[in-house]
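Visitor: sequence and computational prediction follow.
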Amino acid sequence: MNPVFPLLALRAFTEVGRHGSIKHAAEALGVTSGAVSQQIRLLEERVGLPLFVRSRQRMGLTEAGARVHPGLVMAFDQIANALHTLEAARARPSLTISTQPSFAASWLVPRLGRFTRRYPEIEVRVEASSALVDLQRERVDIALRHGLGQYPGLQAQALMAPVLLPVASPGLLASMGPVHTPADCLAYPLLQDADRADWALWLAAHGEADDPRAERGTAFEDDYLLIRAAVAGQGLALVPREYAHEEITAGRLVQVLDKPWPARFAYYLVTLPQAMQRPEVQAFADWISEEARSAGG
């Protein structure tokens, strides 16, 4: 057997199997589709077996390819992690944190200065995106996720369970009248979360179940946009207390009823299992836990 290890060909095979496409694999590797095709052909010639079933829509793994693909994916991910560890060892301590734009703008960023003052030697980079990052593949040290805490293969640390408040702009209340009961909210335009579920659950918790008006109104993917729409007087919104605090203090929003309600999801700090061995990751985890406790989380 040829003693030369076909690393490039195995890498190409791994990415085509991962993406099911030569084009997408080439984009991930930063090379041309022709270069990927050539490496796949060389590998198949070397092992004497077809590794893909080719169709117009997708490159599917053959039985032989499927047997070895998971192990190669794991191996290349381990190589990438090892290289990242070596690069981090010679660099200034740094953290890349991924979170939702609304959490970053309304909660994390206003507090982050306290972390940098405590640890001025740690460089912090915040990536605010609604996309769910893959901690195994992307250069993200910590993800602050909003969910149920079920993240297989990752370490999750609970931070806070938000409480939702019904809020509106003073101008909207002045034009449509005060809100005295949960049922009064149904006379207002409602601003919805992406799933159109929060208002229905909040109203049901306060004795107003199964009213179809609870699901009408404009829906927003991000809480920050939901708050901006409420400030603009477009309707009543159910928003996390932590996010609404500044707007209520400034008089741009009013809490219309004293009926807070726990949201279905909580916020979690999520990392790879081995990440806490890095002092900067542990320092951030300790700091944000303190902040969450002081905020009433």
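Guide: All right, it came through fine. Residues are numbered from 1 along each chain as shown.

Visitor: what bridges to Q192?
Guide: When bridges are called by DSSP bridges, Q192 pairs up with A219.

Visitor: tell me how many other residues crowd it.
Guide: By other Cβ atoms under 10 Å, the residues close to Q192 number 22. To be clear about C-beta, it is placed using only N, CA and C from the backbone, and glycine gets the same treatment.

Visitor: just V256 next, same as before
Guide: V256: 21 neighbours (other Cβ under 10 Å).

Visitor: quick check: pLDDT value at it.
Guide: V256 carries a pLDDT value of 94.

Visitor: chain neighbours aside, what residue packs nearest to it?
Guide: Once flanking residues are discounted, V256 sits nearest to V179: 4.2 Å by Cβ to Cβ, 6 or more residues apart in numbering.

Visitor: give me the three-state assignment for Y268.
Guide: strand (DSSP: H, G, I helix; E, B strand; the rest coil).

Visitor: one step back: touching, the residue nearest to V256 and L173? I think so.
Guide: Yes - judged on Cβ atoms under 8 Å, V179 makes contact with L173 at a distance of 7.3 Å.

Visitor: quick one: contacts for the most centrally placed residue in the chain?
Guide: Centrality entry for the chain: nearest residue to the mean C-alpha point is L132, 4.0 Å, by Cα atoms, centre = their mean. Contacts for L132 (Cβ atoms under 8 Å, 6 or more residues apart in numbering) come out as R145.

Visitor: if we go to 10 Å?
Guide: L132 makes contacts with 98, 100, 143, 145, 147, as judged by Cβ atoms under 10 Å, 6 or more residues apart in numbering.

Visitor: how about V281?
Guide: By Cβ under 10 Å, 6+ apart, the residues touching V281 are 93, 95, 97, 122, 141-142, 269, 271-272, 274-275.

Visitor: could you do A200 as well?
Guide: A200 is in contact with 190, 192, 208-215, counting by Cβ under 10 Å, 6+ apart.

Visitor: can you pull the buried residues of stretch 266-282?
Guide: Buried residues in stretch 266-282, defined by neighbour count with 16 or more other Cβ atoms under 10 Å: 266-272, 275, 278, 280-281.

Visitor: nearest to L61, of these?
Guide: The closest of the buried residues of stretch 266-282 to L61 turns out to be L272 (Cβ to Cβ; 26.4 Å).

Visitor: what's the spacing between the closest one and W107?
Guide: Computed with Cβ to Cβ, to the nearest Å, the distance linking L272 and W107 is 23 Å.

Visitor: do the same with L49
Guide: L49 is 53 Å from W107, where distance means Cβ to Cβ.

Visitor: so the residue lying closest to T32 once chain neighbours are set aside is in which element?
Guide: Sequence neighbours aside, A26 is the residue nearest to T32 in space, at 5.9 Å (criterion: Cβ to Cβ, 6+ apart). In the assignment (DSSP states H and E), A26 maps to helix 22-29.

Visitor: elements contacting that helix?
Guide: Helix 22-29 is packed against helix 7-19, helix 33-47, strand 59-61, with contacts defined by 3 or more Cβ pairs under 10 Å, 6 or more residues apart in numbering; DSSP states H and E.
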